[in-house]
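Engineer: Here's a sequence, model it:
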Amino acid sequence: MMFRIAMPSATLRAVVLASGLAVAAVAMAPASAEARPWCARAHLNDAEMAICDYPFLRRLDRRMSRLYWSLYGEFPGLRHRLRRSQRHWLARRNACGYNPPCLGRKYRNRIRQLRYFGI
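Structural biologist: The predicted structure is shown next:
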């Protein structure tokens, strides 16, 4: 006895392909949920726009911000040094422009620096 496997029609294949592409596009698209408070500002630089557009950058920004403010509160004597290093880091971060991989590297490096700073 031989079974014949029915091949889907061209229309069905097109619908399945289109729905798969739509799901992939939604999954990969930048989400607006959990935006940083400053994302609503009218004048953002390119780096800030990328941070607002990409969830992984927003998470890194939140993590870095928590570390920074934690250190700022814990070590009052080092606040000037912390502020100065943060201003320099922000300039280097902003030099990435709208480049998520570059921004991700800058954030991960800064998080490592701040963790080391707090030891």
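Engineer: count of neighbours near F117?
Structural biologist: By the criterion of other CB atoms under 10 Å, F117 has 15 neighbours. Any C-beta I mention is one placed from the backbone N, CA and C, and that applies to glycine too.
Engineer: is it true that it touches L71?
Structural biologist: Yes: look at F117 against L71 with CB atoms under 8 Å: they come within range, at 6.1 Å.
Engineer: Can you pull the residues that touch both of these two?
Structural biologist: Counting by CB atoms under 8 Å, 6 or more residues apart in numbering, the shared contacts of F117 and L71 are L82.
Engineer: Next secondary structure after the least confident helix or strand in the chain by mean pLDDT?
Structural biologist: Ranked by mean pLDDT, DSSP states H and E, the helix or strand of the chain with the weakest confidence is helix 10-28, at a mean of 43. Downstream of helix 10-28, the first helix or strand assigned by DSSP states H and E is helix 46-53.
Engineer: Can you dump the C-alpha atoms of whichever strand or helix holds Y72 in CSV for me?
Structural biologist: In this assignment (DSSP H and E), Y72 forms part of helix 55-74. The C-alpha trace of helix 55-74 is given here as CSV (Å, rounded to 0.1, in the frame of the first residue of the first chain):
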residue,chain,number,x,y,z
PRO,A,55,15.4,46.4,23.9
PHE,A,56,18.8,45.0,24.6
LEU,A,57,20.3,48.4,24.6
ARG,A,58,17.6,49.7,27.0
ARG,A,59,18.4,46.8,29.3
LEU,A,60,22.1,47.6,29.2
ASP,A,61,21.4,51.2,29.8
ARG,A,62,19.3,50.4,32.9
ARG,A,63,21.9,48.0,34.3
MET,A,64,24.7,50.6,33.8
SER,A,65,22.6,53.4,35.3
ARG,A,66,21.8,51.3,38.4
LEU,A,67,25.5,50.5,38.9
TYR,A,68,26.5,54.1,38.4
TRP,A,69,23.9,55.5,40.9
SER,A,70,24.7,52.8,43.4
LEU,A,71,28.4,53.7,43.3
TYR,A,72,27.5,57.4,43.4
GLY,A,73,25.5,56.9,46.6
GLU,A,74,28.0,54.5,48.2
